[in-house]
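K.L.:
just coords:
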C-alpha cells in the first residue's frame, strides 16, 4: 500500500473514532462535505469485473456512499443534491435518464468512480473502495436506468427475445452480447441504436420493443456478462400506510418565523434516502407534509434549506400509520464575518520518522454567534500550514469542493451554523533535516492548545510551553505540553531538536496512535463541558417563570438539544 493511501486511510479511521459515530442519519453532512480531488490522476486500465458480483453489495455501498447526492433510486434527489447543484451546475446526479442519450460506457463509469470528476462534483473512490467494490457499485448504478419492476423481468424477456440467436448465456452467435469487452466498451446509446427497427439486418422483421424494455435489456447485459447475483436487491422497499408531518421554521438570527424556506422530508433506511418530499414554508414559517408513506424500517429527517445551507432537525423521526407529527426547525442567516468562531481545542501531534516529521492537527471549534459562517462564496475556516508541508491528508475528504489550498492556507468551506462540536483534522509531512522551528499559528481565538510528541526522539522548547511530563495513552508514550495560545493571527514558535531517528516501520502506527490521544483528550474535554441536559432544564424553568422570551427560548433550546444529541452520539450521557 502506498504511503499516501495508508496515511489517508488511517487518518480517516482515526477521525471516525474521534467523532464517535456517523452523523449521516441524525444530521446529513453539510453541502459539499464529500471529498474531491483536483490534482491530475494517472489513467489506469481497469481489469474486468470479477465474476459473481453481488448486486446486494453494490446496493449497500451505493446507499452508504452515493445516495446522499444521487438519491436511493439514482434520480438525483439525495439530501445533498440541491446544494451540490447550486455549487456545480454541471453535476450529473440523475442516473435514470434515457440510455439513448448516454454516451459513456460501463468502463467510462468505472474510471469516473475510481478517479472522480471534480468539475462535475464527483469524488474519487479509489482510496475508500476496493476495485471489486467499485465494480459492484457501478453495476448496481447502471441497473438504475430501468424501473425495478421492468428490470426484474429482463432476464425472462432476454430469454424470450434474444436467447435463440445469442444463447442463454449471451455468448453465442456472430455477436456475443455478453462478451466482457463488448459490454464494457460500448456506450448505451450505441446499444439503443442497434435495437431500433432496421438498424441491424439480423433484426429485420422483429417487433419493436417498448423503450422501457430496451433500457431494461441493456441494463441487464452487465449482469449477464459478469454473472451478477442478488437480483432481488433491485426491489425498493414498500410503504404500509401514510402519516403527516407539520411544523414551523424559525430564524434563529432574527428570532422570527422564517418565510420562503425550502423544507424537505427524507425517509432514510440505513442512512440512505428512499423517499423525499419538498414544500415551501408559508409566510408565517409553517409547513405541512400530507400523506407521507410510512416505511416501518425507516427514519424520517426534515431538512430546512435557507441561503444555500441545509439545517436538519435535531433528531430523526419515526412514523406510524395515521400519525401526525409536529416539530420546529431552526435556520440562521448566513454571514461572512467569522467573529463567532472560537477554537475550543487544538491538538498537534508530532511524530518524527526516519527522515521527516509527520504532524497531525485536530481542531475542535464552535460558532458562538447568531449567524451561520462559511458556505458557498464565504472565506471558510482557515488553517495555516507551515512552509515545506507536503503529502497533505484530510480526514473525511481531499482537496476540491469543500477543501481547498491557497499557498500556506488550508480552507474548509463547509458552513458552520451556531453550535458546538465542529471538527477539522488533517496531517502533513515536513522534511526533518530542515525543520528547526515550528510556528503554531491560529486565525481564531483558542481556548486550549495541546502539543504531543510521540516517543522520545524529539525535544522541543520555547516560550509559552508548559511541560506536563510523559503520558502513556494506549500503547504509546507521549511528551505532553500545554501551549499558551497566541492571539488570533499571532504565532507561538517552538524549537525542535531531534535526538535520534525512529525506524520507518512506525509510519502505519503514527496516525492511529495520534488519534488515540485525541480521543482521550476529546472525551476529557467533554466531561469538562456543562451537561446540556441540565442547561435545558434550567432554560425550561426560566421560560416557565417568564424570565426568557419565546424567541430566545426556542433558539437556545434548539441549540442545546443539538449539542445534547451530538454529545450522546459521541459517547456522552444520554439526552434522555
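P.N.:
On my side now, so go ahead. For clarity, every value in this text was computed on a predicted model and none was experimentally measured. Residues are numbered from 1 along each chain as shown.
K.L.:
And the helices in the stretch 201-350 of the chain?
P.N.:
Here the stretch 201-350 of the chain has its helices, by DSSP state H, counting those that start in this stretch, at 211-226.
K.L.:
and if you look at the stretch 401-550 of the chain?
P.N.:
For the stretch 401-550 of the chain, the helices defined by DSSP H, counting those that start in this stretch cover 507-528, 532-544, 550-569.
K.L.:
Counting neighbours, what do you get for residue 391?
P.N.:
The criterion is other C-beta atoms under 10 Å. On that basis, residue 391 has 14 neighbouring residues. Glycine gets a C-beta too; all of them are placed from N, C-alpha and C.
K.L.:
any idea which helix or strand carries it?
P.N.:
strand 390-394 (DSSP states H and E).
K.L.:
And that strand, what does it pack against?
P.N.:
Packed against strand 390-394, as judged by 3 or more C-beta pairs under 8 Å, 6 or more residues apart in numbering; DSSP states H and E, are the following elements: helix 3-19, strand 419-431.
K.L.:
tell me the average confidence for that strand?
P.N.:
Averaging the model's pLDDT scores along strand 390-394 yields 88.
K.L.:
Moving C-terminal from the helix or strand bottoming out on mean pLDDT in the chain, which element do we reach first?
P.N.:
For the chain, using mean pLDDT, DSSP states H and E, the weakest element among its helices and strands is helix 3-19, scoring a mean of 38. Of the helices and strands lying after helix 3-19 in sequence (DSSP H and E), the nearest is helix 55-65.
K.L.:
and the next element down the chain from that following helix?
P.N.:
The element immediately downstream of helix 55-65 (helix or strand, assigned by DSSP H and E) is helix 67-70.
K.L.:
which helices and strands sit right next to that following helix?
P.N.:
The helices and strands touching helix 67-70, judged by 3+ C-beta pairs under 8 Å, 6+ apart, are helix 81-87, strand 272-280.
K.L.:
nearest to residue 340, of those?
P.N.:
Ranking the helices and strands packed on helix 67-70 by their distance to residue 340 (criterion: C-beta to C-beta) puts helix 81-87 first, at 21.7 Å.
K.L.:
buried set for the closest one?
P.N.:
81, 82, 83, 84, 85, 87 (16 or more other C-beta atoms under 10 Å).
K.L.:
Can you tell me how far the last one is from residue 97?
P.N.:
Counting by C-beta to C-beta, to the nearest Å, the gap between residue 87 and residue 97 amounts to 21 Å.
K.L.:
List the contacts of the nearest residue to residue 254 once chain neighbours are set aside.
P.N.:
The shortest distance from residue 254 to any residue other than its chain neighbours is 7.1 Å, reached at residue 333 (C-beta to C-beta, 6 or more residues apart in numbering). Taking C-beta atoms under 8 Å, 6 or more residues apart in numbering as the contact definition, residue 333 lies against 251, 253, 254, 306, 307, 371, 372.
K.L.:
Out of the helices and strands packed on helix 67-70, which is closest to residue 445?
P.N.:
Proximity to residue 445, assessed across the helices and strands packed on helix 67-70 by C-beta to C-beta, is greatest for helix 81-87 (29.1 Å).
K.L.:
quick one, the next helix or strand after that closest one and helix 55-65 angle?
P.N.:
Taking DSSP H and E as the definition, the helix or strand that follows helix 81-87 towards the C-terminus is helix 106-115. Helix 106-115 runs at 40 degrees relative to helix 55-65, counting by axes from the mean of the first three to the mean of the last three C-alpha atoms, to 10 degrees.
K.L.:
Buried residues of helix 106-115, list them for me.
P.N.:
Applying a neighbour-count criterion of 16+ other C-beta under 10 Å, one finds 106, 107, 109, 110, 111, 112, 113, 114, 115 buried in helix 106-115.
K.L.:
same check, this time on stretch 445-464
P.N.:
Of all the residues in stretch 445-464, those buried under the rule 16+ other C-beta under 10 Å are 445-446, 448-455, 457-458, 460, 462.
K.L.:
what do you get for stretch 141-151?
P.N.:
Within stretch 141-151, the residues that count as buried by 16+ other C-beta under 10 Å are 141, 142, 143, 144, 145, 146, 147, 148, 150, 151.
K.L.:
Wait, the fifth one touches residue 101, no?
P.N.:
No. The pair formed by residue 145 and residue 101 falls short of the contact definition of C-beta atoms under 8 Å, at 10.9 Å.
K.L.:
where does the protein dip in pLDDT?
P.N.:
1-47, 51-52, 227-236, 270-273, 376-377, 401, 499-534, 551, 553-555, 558-576 (pLDDT under 70).
K.L.:
Please parse it into its domains.
P.N.:
Annotated domains of the chain cover 31-235, 241-331, 338-528, 533-569 [automatic domain parsing].
K.L.:
one step back: which of the buried residues of helix 106-115 sits closest to residue 265?
P.N.:
Closest to residue 265, out of all of the buried residues of helix 106-115 and judged by C-beta to C-beta, is residue 113, at 29.5 Å.
K.L.:
mind listing what the closest one touches?
P.N.:
The neighbourhood of residue 113, defined by C-beta under 8 Å, 6+ apart, consists of 122, 124, 125, 129, 134, 137, 138.
K.L.:
swap the cut-off to 10 Å and go again
P.N.:
Contacts were defined as C-beta atoms under 10 Å, 6 or more residues apart in numbering; by that measure residue 113 touches 46, 65-66, 122-126, 129, 133-135, 137-138, 141.
K.L.:
Residue 484 too?
P.N.:
Taking C-beta under 10 Å, 6+ apart as the contact definition, residue 484 lies against 440, 446, 449, 462, 463, 464, 465, 466, 492.
K.L.:
most remote residue from this protein's center?
P.N.:
residue 205 (51.2 Å; C-alpha atoms, centre = their mean).
K.L.:
quick one: that one from residue 198, how far?
P.N.:
For residue 205, the distance to residue 198 under the criterion C-beta to C-beta works out to 10 Å.
K.L.:
now do residue 430
P.N.:
From residue 430 over to residue 198 (counting by C-beta to C-beta), the distance is 67 Å.
K.L.:
Who has more neighbours out of these two?
P.N.:
Comparing residue 430 with residue 198 by other C-beta under 10 Å, the one with more neighbours is residue 430, at 22 against 8.
K.L.:
And for the more buried one, nearest residue in space, chain neighbours not counted?
P.N.:
Distances taken as C-beta to C-beta, 6+ apart place residue 357 nearest to residue 430, at 4.5 Å, with adjacent residues excluded.
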